[in-house]
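Colleague: please work out how this folds:
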Amino acid sequence: MKQTVSQTLKSSDTEEFIDIYFYRRIGYWVARASAAVGITPNAITIVSIFWGILAGHLMMYEDIWINLLGVLSLIIANTLDS
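Modeller: From the prediction side, this is the model:
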């Protein structure tokens with residue numbers, strides 16, 4: 001059964017703007033690609049946890065470019081597990 005992005009959304013009072021227009025849309029395609037190659041949702045969540053840990057680690061430095069890599073890592077972590 002194929003679902004569209006809008007069918008994967010929670011109720012409108014629980015979804016935030018950035019989830020609806022950014023994370024869910026990208027996460028939908030990540031989920032479809034992962035399912036096509038046999039990667040389970042639990043495996044994606046575990047990968048997302050490690051991306052989040054990496055993001056936190058990169059944000060503790062005092063170098064703006066390393067911090068920006070941390071922000072990018074956090075966006076990736078949120079997208080993977082959306």
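Colleague: report the outermost residue of this structure with respect to its centre.
Modeller: What lies farthest from the middle of the chain is residue 62; by Cα atoms, centre = their mean that is 25.2 Å.
Colleague: ok, it to residue 45 distance?
Modeller: The gap separating residue 62 from residue 45 is 31 Å, by Cβ to Cβ, to the nearest Å. Where you see a C-beta, it was placed from the backbone N, CA and C, and this is true even at glycine.
Colleague: pretty sure residue 78 sits against residue 23.
Modeller: Yes. Using Cβ atoms under 8 Å, residue 78 is in contact with residue 23, at 5.6 Å.
Colleague: next, count neighbours for residue 75.
Modeller: Close neighbours of residue 75, defined as other Cβ atoms under 10 Å, add up to 15.
Colleague: hang on, I meant residue 80
Modeller: Applying the criterion other Cβ under 10 Å, we find 22 residues in the vicinity of residue 80.
Colleague: tell me which element the residue farthest from the centre of the chain is part of?
Modeller: According to DSSP states H and E, residue 62 maps onto no helix or strand at all.
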